[in-house]
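>>> Sequence and computational prediction follow.
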Amino acid sequence: MAEQPIPEIKFPLTFEKCPSCGSTRRIAGEMLKQEQAKGKLTDIKVTFLFRHQSLMANPSGRFISAPMIHSFYDTCVECGTVYCIVATVQAVMPGMPKMNNKDIGTQHMT
Ligand SMILES: [Zn+2]
């Protein structure tokens, strides 16, 4: 049986609606809007409830670089579904100091 080519994922992946009900209202996104309406948190653009990082590494421990996946999750205000709002990938070098959030901070996710 011939091997099927693996479709490449184009990052960043963004999901702007709840996969269950289609609502665009998210808890962290709505909180940001409320705070901005009060004149607070004016320069924050990325909101999420939690982030998950996954590093793909060779078990041998020897690698030149490896993809680090950053997935950001929030919760639908309407139905409570937790879903990924954006996923990004970054090459990580061995011994590299901890990354900052500069790249993801430029995305507008309210
Ligand atoms: Zn929903």
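Thanks, I have the structure now. Residues are numbered from 1 along each chain as shown.
>>> show me where pLDDT drops low in this protein?
Within the chain, the stretches with pLDDT under 70 are 1, 44-46, 57-64, 94-110.
>>> And the helices in it, which stretches?
Applying DSSP state H to the chain gives helices spanning 27-37, 102-105.
>>> wait, which of those is closest to Val89?
Shortest distance between Val89 and the helices of the chain, using Cβ to Cβ, is found for helix 102-105: 10.6 Å. Any C-beta I mention is one placed from the backbone N, CA and C, and that applies to glycine too.
>>> Make CSV out of the helices of the chain and add distance to the ion and mean neighbour count.
As requested, the helices of the chain are exported to CSV (distance: least, Cβ to the ion, whole Å; neighbours: other Cβ atoms under 10 Å):
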stretch, distance to the ion, mean neighbour count
helix 27-37, 11, 15
helix 102-105, 23, 12
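>>> need the contact list for the residue nearest to Pro19 when sequence neighbours are not counted.
With Cβ to Cβ, 6 or more residues apart in numbering as the criterion, Pro19 has its nearest non-adjacent residue at 5.5 Å, and that residue is Tyr83. Each residue near Tyr83 by Cβ atoms under 8 Å, 6 or more residues apart in numbering is listed here: Phe15, Cys18, Pro19, Ser20, Tyr73, Asp74, Thr75, Cys76.
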